[in-house]
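Asks: Got a sequence here, can you build the structure:
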Amino acid sequence: MTPPATLAPYLYSHGSLTALLEQRAGQAVRVSVMREGHQLIDFSTKKLLGLPIHRPTIAWVREVQLFGNDDKAWVCAKSVFALTSLVGNAKRLRHLKSTPIGYVMFKNKRHLPHIRTYFFDNQRKHWGRNTVYDWHGRAVLVQEIFLTDFR
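Replies: Next up is the predicted model:
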């Protein structure tokens, strides 16, 4: 299955998705925080982050909706930070509030080393991607699901 041509440039983009969404919207992306806090992470998330899979692992998880230039969300995003990685300058990732994560992660670099996988949710008919970024030597998982209203 192939994503719609209008979605492909965003789904397969490198660099800050926030910057691309702002370019499309012609304005700053609005972030609505749905959930944020400590959470026990599952097997697949630990595997993506390269963490020991047989030990319980707590992470800081932030789930948000991103809005462009209308009232319908374009993207649902989930960021997962292993607590062991939230040290030094990464501590600020716990206090993003309504700041897009792209503003922080891509502040000094246009591209970050990453490993990415793509998926299609047959039930909801949404395309998405899981990206594990190497941000200052720390693994950060960002999952983005492109909602129907984005197309």
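
Asks: D121 and G128 touch, don't they?
Replies: Yes: using C-beta atoms under 8 Å, D121 is in contact with G128, at 6.7 Å. Quick note: C-beta positions are derived from backbone N, CA and C, even for glycine.

Asks: Identify each of the helices in the chain and give its residue range.
Replies: 8-11, 17-25, 43-49, 101-105 (DSSP state H).

Asks: So the residue lying farthest from the centre of the chain versus F150, what's the distance?
Replies: Here the chain reaches farthest from its C-alpha mean at H54, the gap being 24.8 Å by C-alpha atoms, centre = their mean. Distance of H54 to F150, computed by C-beta to C-beta, to the nearest Å: 38 Å.

Asks: do the same with H111
Replies: 23 Å.

Asks: So which of these two has more stuff around it?
Replies: The neighbour comparison of H111 against F150 (other C-beta atoms under 10 Å) goes to F150, with 20 against 9.

Asks: Quickly note the distance from the closest residue to the more buried one other than its chain neighbours to L21.
Replies: Leaving aside its sequence neighbours, F150 sits nearest to W74 (C-beta to C-beta, 6 or more residues apart in numbering; 4.0 Å). Separation of W74 from L21 (C-beta to C-beta): 6 Å.

Asks: what touches both of those two?
Replies: 66, 68 (C-beta atoms under 8 Å, 6 or more residues apart in numbering).

Asks: so Y103 touches L21, yeah?
Replies: No: using C-beta under 8 Å, Y103 makes no contact with L21, being 12.0 Å away.

Asks: neighbour count winner among the two?
Replies: L21 (24 against 15).

Asks: tell me the contacts of the more buried one?
Replies: 10, 29, 66, 68, 74-75.

Asks: now the strands for the chain?
Replies: Ranges of strands in the chain, per DSSP state E, are 30-40, 58-67, 73-82, 114-121, 126-135, 138-146.

Asks: Buried residues, the second one. List them.
Replies: Think strand 58-67. 59-67 (16 or more other C-beta atoms under 10 Å).

Asks: what does the last one give?
Replies: If you call a residue buried by 16+ other C-beta under 10 Å, then strand 138-146 has these buried ones: 138-146.
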